[in-house]
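Undergrad: Okay, sequence plus prediction incoming.
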Amino acid sequence: MSTLSVNHLLGIKYLNKKDIDLIFSTADHFKKVINRPIKKVPSLRDITIANLFFESSTRTKLSFEIAQKRLSAEIINFSESQSSVNKGETLIDTVNNIISMKVDMVVLRHPKPGSADFLKQHVNSIIINAGDGANEHPTQALLDSYSIKQKFGSVQGKKVVIVGDILHSRVALSNIYALQLLGAEVMLCGPYSLIPKYIQNLGVIVETNLLNALKWCDVANMLRVQNERMDFSYFPSVRDYTQQYGLTMPILNQLNKKIVVMHPGPINRGVELTSEVADSSQAIILDQVENGVAIRMAVTYLLASKIKS
């Protein structure tokens, strides 16, 4: 059986193209599994997984849980609000207490960049990064690229624009890495205040005009403005942002082609895109959610195969 070149999923930057191809081919198999009447396989029957979420999450947390249950794993769910973290317990102490209960794998979401990498150096369990601050969100990037592959047959040569709050987005950085590994061209679009300095060093194109970006692209991945990570306002008002970077059907109809619209969620309807766009045939947002379960099953299964019995 083919195996991943890594023992943890900390970020896309640690993967190679063969790793992504293996994850995608494994996800193809699991996508068939989750669409059949009996959706469960006994692959991880003796594996215990702890889901440690130090930030709020809906889609990612549920997606990981469903993926783990479909693989028959034992699951421990942890949320900061119900833990001793509020009493001053450190991340390492929290995780070590859980690992003392013989946990094989940890899925970690944490507000601090680098937290998954830090944890890997201090514990023996396999770590899956479910988002660390504004750093990376590898499974989201994998499911986004997988969704593009499902739509077009290949990611190679596709033009993908990522629109919105690039500065605070872990999704943007992981997507840049994944899309470039798979041979896509990447453009970033948003106000200069939300584009990181020196981001062009990663080989991306930067554009501040939404219409120009949409005319260029095959796929538009619309990101939400992450107000919870902002210490001050990066643009005059939400209304001003929406007027310049909000995606509407009249804008899509101006294009001389049909583009694919994506969104990692949660959607701020009426801000980065309208309900009409989100619910249109050009949007593959719900396909992304379905593909997320298959991708997370694939990642969990492939990493679990590295656990020494």
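TA: Arrived safely. Note that the structure is a prediction, hence the values are computed from the model and not measured.
Undergrad: Next up, the contacts around Asn96.
TA: By C-beta atoms under 8 Å, 6 or more residues apart in numbering, the residues touching Asn96 are His122, Val123. For glycine as for every other residue, the C-beta is placed from the backbone atoms N, C-alpha and C.
Undergrad: could you point out which element follows the helix or strand containing it?
TA: Following DSSP states H and E, one finds Asn96 within helix 91-99. Moving toward the C-terminus from helix 91-99, the next helix or strand (DSSP H and E) is strand 105-110.
Undergrad: if we can go back for a sec, report the inter-axis angle for the helix holding Asn96 versus strand 105-110.
TA: 150 degrees (axes from the mean of the first three to the mean of the last three C-alpha atoms, to 10 degrees).
Undergrad: Flag every buried residue along helix 91-99.
TA: Going by neighbour count (16 or more other C-beta atoms under 10 Å), the buried part of helix 91-99 is Leu91, Thr94, Val95, Ile98, Ile99.
Undergrad: What mean pLDDT does that helix get?
TA: Throughout helix 91-99, pLDDT has a mean value of 79.
Undergrad: before we move on, what about stretch 299-309?
TA: 89.
Undergrad: and that stretch, C-alpha only, in CSV?
TA: C-alpha atoms of stretch 299-309 as CSV (Å, rounded to 0.1, in the frame of the first residue of the first chain):
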residue,chain,number,x,y,z
VAL,A,299,-6.3,11.8,5.6
THR,A,300,-7.3,10.1,8.9
TYR,A,301,-7.1,6.6,7.3
LEU,A,302,-3.7,7.2,5.7
LEU,A,303,-2.1,8.7,8.8
ALA,A,304,-3.7,6.0,11.1
SER,A,305,-1.9,3.4,8.9
LYS,A,306,1.4,4.7,10.3
ILE,A,307,0.5,3.9,13.9
LYS,A,308,2.7,1.2,15.1
SER,A,309,0.7,-1.6,16.7
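Undergrad: related to what we said a few turns ago, what's the distance between the helix holding Asn96 and the middle of its chain?
TA: Centroid separation for helix 91-99 versus its chain: 25 Å, with C-alpha atoms, centre = their mean, to the nearest Å.
Undergrad: cool, and stretch 17-27?
TA: For stretch 17-27, the distance to the chain centre is 16 Å (C-alpha atoms, centre = their mean).
Undergrad: in it, what counts as buried?
TA: Asp19, Ile20, Leu22, Ile23, Phe24, Thr26, Ala27.
Undergrad: May I see these arranged in JSON lines, with distance to Gly114 and pLDDT as well?
TA: Shown next, in JSON lines, are these (distance: C-beta to C-beta, whole Å; pLDDT from 0 to 100):
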{"residue": "Asp19", "distance to Gly114": "21", "pLDDT": "98"}
{"residue": "Ile20", "distance to Gly114": "22", "pLDDT": "98"}
{"residue": "Leu22", "distance to Gly114": "26", "pLDDT": "98"}
{"residue": "Ile23", "distance to Gly114": "23", "pLDDT": "98"}
{"residue": "Phe24", "distance to Gly114": "27", "pLDDT": "98"}
{"residue": "Thr26", "distance to Gly114": "27", "pLDDT": "98"}
{"residue": "Ala27", "distance to Gly114": "27", "pLDDT": "98"}
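Undergrad: Strands - which of those residues land there?
TA: Nothing among these maps onto strands, per DSSP state E.
Undergrad: In helices only, show me those residues.
TA: Per DSSP state H, helices hold the following members of those: Asp19, Ile20, Leu22, Ile23, Phe24, Thr26, Ala27.
Undergrad: Run through the residues that contact the second one.
TA: By that I understand Ile20. Ile20 touches Leu142, Ser145, Ala178, Leu181, Leu182, counting by C-beta under 8 Å, 6+ apart.
Undergrad: Of these, select the buried ones using a ChimeraX command.
TA: Burial among the contacts of Ile20 is assessed by 16+ other C-beta under 10 Å; the matching ChimeraX selection reads:
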select :142,145,178,181,182
